[in-house]
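A.B. asks: Below is the structure, and that's it, no one-letter string:
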């Protein structure tokens, strides 16, 4: 008995050891295939299978204990089969009838070190079919895959009722090949709910997430979810300038009142100290409670907090981590970039560096600005008007940096900055800036900052390729909101032959730039109106300007319209702009129009002097008027002189004859008296 018991224990131990060894082998063999998924391209009703027909299309997927193993299986053979067995098949030829079952004979082989498990599962994954194992060993599997043929749907005679979470659906159509009316019931879809509108359970704020719920009207399922923290609902001026610049305001003591006004700046800049008191631009306290200030303003105006030292930075960091406020800016000088970097690393706020002390800047200086703000994980630099030239702003945009300009609010300066490409202005008079933006009410999009077009092969050396968003992902509304938060928008890459309409649509929304496959396919278009100060008799006499196209040509703009920004009637001067409508086209096909404006210039009205008319007098002349002398006769030629001489001689002879006759008559009269 005792020996028999020992033998039993020994057998159990051997069995456990064998099982453990087997399990270990299985676990240690990542090349063993335990599941095969098969999909066959099902035949269609009316299709004719012949000896020349291509083999059925098969898709395979192999799985081990570690997941899908790509390249683990090879397809050796696939044939339509009338009869089949483990060592062969009889080919099938003939017409296909919808809903009938047909067989595909498959031979599979594992690749490399992969092997088939003893009980490999064969699964047909396309729904209308199944797999039959005929034979398999470690390296080879022979299958018969049975599939049902599809009918061909008539799109003009097709009806569908989608299934819901509680009811089946229905699909009806007529097969265009066999003429049968096909009626199919679609299974219940557990996810096809019919939800009510969302009900707000908790309103989101700039510092706290919200909560909302809804209920399926069919099955009663309820869904409750968090909503993201609220972002500031900034004011958008009514303007045809689709991507207008951000208006950032150096707040005064009316900041809280302004934030709840209908017409307000997008960003309100305030100053804080280490105790988190909030100050306006002149140093007066707006609020001694930063939480109260944010509650009163942040729903409608993005707050920007300016700090000057480490103590203030630490106070802001602790407060931001505690409250969770994200939709706000931090602004400081470049020497405080590490503080901004630290705060952004622990929160999700946006950073700004103040470079207004820099006047004119070269490319190296601008590149250093871009590196510094990006190293601080910020988005925006603030420039002086002298630094904000068109070329400088282009360099910053290509580096992915947004540029605001601290400036006065006179119209000439503002228009110059906008045409140069400023993304925003920092000003004390936000009303004047909004007034200017709302002047643009054109019938087509207004493009003050023309998008830059680059080919995929001509990107500048320091171009940030992370800026580019595929046009299919380009959301105009999101872009409009994000531009007030320092986003530089580049879209691409566009294939103009296929997506010319999409490119033109996005172009007219005014992104910073666009990447296209063939820039030469875009027809030359107007990018700038040239302007200079004018002096003329009236504004109607102002000579029309020239325009510059993308290819660098200067063309006359006979349709340009003169617009007056402001008038100085005392000095007969005006501040003016040229406006012109231009067309956008690709390969000669029009894609829309846009309006372009010139830089501001002065018009001086000068009426040319005229001669005063002579006045008639009624006074009697002091001297009797003299008779005018007859004009001199022109000199006679020789013939004329001779004729006058002959005439004189004839006259003398005639008079002599008359005298002689008179003498004779007198003598006769005397003789008669004597007689």
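C.D. replies: It's in. Worth saying up front: this structure is predicted, and the values here are computed from it rather than measured.
A.B. asks: right, and residue 343 touches residue 317 too?
C.D. replies: Yes - using Cβ atoms under 8 Å, residue 343 is in contact with residue 317, at 4.8 Å. Yep, even glycine has a C-beta here, placed from its N, CA and C like the rest.
A.B. asks: neighbour-wise, which of those two wins?
C.D. replies: A direct count of neighbours by other Cβ atoms under 10 Å for residue 343 and residue 317 places residue 343 higher, at 24 against 20.
A.B. asks: Could you look up the SS state of the more buried one?
C.D. replies: Residue 343 carries the three-state label helix when classified by DSSP: H, G, I helix; E, B strand; the rest coil.
A.B. asks: That one: what's it in contact with?
C.D. replies: By Cβ atoms under 8 Å, 6 or more residues apart in numbering, the contact list for residue 343 reads 313, 316-317, 320, 330, 349, 351.
A.B. asks: again, but for residue 601
C.D. replies: Contacts for residue 601 (Cβ under 8 Å, 6+ apart) come out as 531-534, 575-577.
A.B. asks: Show the buried residues in those residues.
C.D. replies: 531, 534, 575-577 (16 or more other Cβ atoms under 10 Å).
A.B. asks: which one of those sits closest to residue 29?
C.D. replies: Within the buried ones among the contacts of residue 601, proximity to residue 29 (Cβ to Cβ) peaks at residue 577, which comes in at 77.9 Å.
A.B. asks: Which residue is the nearest non-sequential neighbour of that closest one?
C.D. replies: Of all residues not flanking residue 577 in the chain, residue 563 sits nearest, at 4.8 Å (Cβ to Cβ, 6 or more residues apart in numbering).
A.B. asks: So for the helix or strand harbouring that neighbour, what gets flagged as buried?
C.D. replies: Take DSSP states H and E as the rule and residue 563 turns out to sit in strand 561-568. Neighbour counts over strand 561-568 (16+ other Cβ under 10 Å) mark 562-563, 565 as buried.
A.B. asks: ok, and what's touching that strand?
C.D. replies: With Cβ under 8 Å, 6+ apart, strand 561-568 has contacts from 411-412, 415, 539, 542, 573-580, 600, 603.
A.B. asks: ok, that strand: who's next to it in the sheet?
C.D. replies: Its sheet considered, strand 561-568 pairs with strand 573-586 (antiparallel) by DSSP bridges.
A.B. asks: roughly how far out does the strand it pairs with sit from the chain middle?
C.D. replies: 21 Å (Cα atoms, centre = their mean, to the nearest Å).
A.B. asks: which other helices and strands contact whichever helix or strand comes after that strand?
C.D. replies: For strand 573-586, the following helix or strand on the C-terminal side (DSSP H and E) is strand 589-597. Judged by 3 or more Cβ pairs under 8 Å, 6 or more residues apart in numbering; DSSP states H and E, strand 589-597 is in contact with helix 496-507, strand 526-529, strand 573-586.
A.B. asks: can we see that at 10 Å?
C.D. replies: Applying 3 or more Cβ pairs under 10 Å, 6 or more residues apart in numbering; DSSP states H and E, one finds that strand 589-597 makes contact with helix 411-420, helix 496-507, strand 526-529, strand 573-586.
A.B. asks: Nearest to residue 181, out of the ones you listed?
C.D. replies: Nearest of the helices and strands packed on strand 589-597 to residue 181, taken as Cβ to Cβ: helix 496-507 at 39.4 Å.
A.B. asks: List the buried residues of that closest one.
C.D. replies: The neighbour-count check on helix 496-507 (16+ other Cβ under 10 Å) flags 496, 499-500, 502-504, 506-507 as buried.
A.B. asks: Give the pairing partners of the following helix or strand past that helix; include direction for each.
C.D. replies: Remark: after helix 496-507, the chain's next helix or strand is strand 513-516, criterion DSSP H and E. Here strand 513-516 is paired, per DSSP bridges, with strand 452-455 (parallel), strand 490-494 (parallel).
A.B. asks: quick one, which of those strands is packed in tightest?
C.D. replies: Counting by mean count of other Cβ atoms under 10 Å, strand 490-494 has the highest mean neighbour count of the strands paired with strand 513-516, with a mean of 23.
A.B. asks: roughly how far out does that strand sit from the chain middle?
C.D. replies: In this view, strand 490-494 has its centroid 9 Å away from the chain centroid, taken as Cα atoms, centre = their mean.
A.B. asks: now it: mean pLDDT?
C.D. replies: In this model, strand 490-494 has a mean pLDDT of 85.
A.B. asks: Next, the angle from that strand to helix 496-507.
C.D. replies: 160 degrees (axes from the mean of the first three to the mean of the last three Cα atoms, to 10 degrees).
A.B. asks: so what's residue 37 bridging to?
C.D. replies: Applying DSSP bridges to residue 37 gives these bridge partners: residue 61, residue 123.
A.B. asks: hang on, isn't it packed against residue 120?
C.D. replies: No - between residue 37 and residue 120 there is no contact under Cβ atoms under 10 Å: 11.3 Å.
A.B. asks: which residues are common contacts for these two?
C.D. replies: Residues touching both residue 37 and residue 120 (Cβ atoms under 10 Å, 6 or more residues apart in numbering): 62-63.
A.B. asks: Excluding sequence neighbours, find me the nearest residue to residue 385.
C.D. replies: Take residue 385 and drop its neighbours on the chain: the residue closest to it by Cβ to Cβ, 6+ apart is residue 407, 5.3 Å away.
A.B. asks: What is the neighbour count of residue 413?
C.D. replies: By other Cβ under 10 Å, 16 other residues sit near residue 413.
A.B. asks: for residue 181, that is, sorry about that
C.D. replies: So residue 181, with other Cβ under 10 Å, has 10 neighbours.
A.B. asks: which residues does it form a beta bridge with?
C.D. replies: Residues in beta-bridge contact with residue 181 (DSSP bridges): residue 174.
A.B. asks: That one against residue 171, yeah?
C.D. replies: No - if you go by Cβ under 10 Å, residue 181 and residue 171 don't touch, sitting 11.4 Å apart.
A.B. asks: from the buried residues of helix 496-507, which is closest to residue 230?
C.D. replies: Distances from residue 230 to these, taken by Cβ to Cβ, are shortest for residue 506, at 28.4 Å.
A.B. asks: tell me the contacts of residue 188?
C.D. replies: 163-169.
A.B. asks: Filter those down to the buried ones and hand me the PyMOL line.
C.D. replies: One line in PyMOL is enough to select the buried ones among these; burial here means 16+ other Cβ under 10 Å:
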select buried, resi 163+164+165+169
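A.B. asks: Mind checking which of the contacts of residue 188 land in strands?
C.D. replies: Using DSSP state E, the members of the contacts of residue 188 that fall in strands are residue 169.
A.B. asks: would CSV of the contacts of residue 188 with pLDDT and distance to residue 456 be doable?
C.D. replies: Output for these, formatted as CSV (pLDDT from 0 to 100; distance: Cβ to Cβ, whole Å):
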residue, pLDDT, distance to residue 456
163, 96, 45
164, 96, 47
165, 96, 47
166, 96, 51
167, 96, 51
168, 96, 50
169, 96, 46
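A.B. asks: of all the contacts of residue 188, which comes closest to residue 426?
C.D. replies: Comparing those against residue 426 with Cβ to Cβ places residue 165 closest, at 54.1 Å.
A.B. asks: hmm, back to that, now the buried residues of strand 561-568 in TSV, with distance to residue 487?
C.D. replies: Output for these, formatted as TSV (distance: Cβ to Cβ, whole Å):
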residue	distance to residue 487
562	35
563	31
565	30
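A.B. asks: What is the nearest of these to residue 491?
C.D. replies: residue 563 (30.4 Å).
A.B. asks: State the distance from the closest one to residue 413.
C.D. replies: To residue 413, residue 563 is 17 Å away according to Cβ to Cβ, to the nearest Å.
A.B. asks: What of residue 295?
C.D. replies: Here residue 295 is placed at a distance of 35 Å from residue 413 (Cβ to Cβ).
A.B. asks: For stretch 372-380, the averaged confidence score.
C.D. replies: Stretch 372-380 carries an average pLDDT of 93.
A.B. asks: how deep is the residue nearest to residue 424 when sequence neighbours are not counted tucked in, by neighbour count?
C.D. replies: Sequence neighbours aside, residue 246 is the residue nearest to residue 424 in space, at 3.3 Å (criterion: Cβ to Cβ, 6+ apart). The number of residues packed near residue 246 is 22, by other Cβ under 10 Å.
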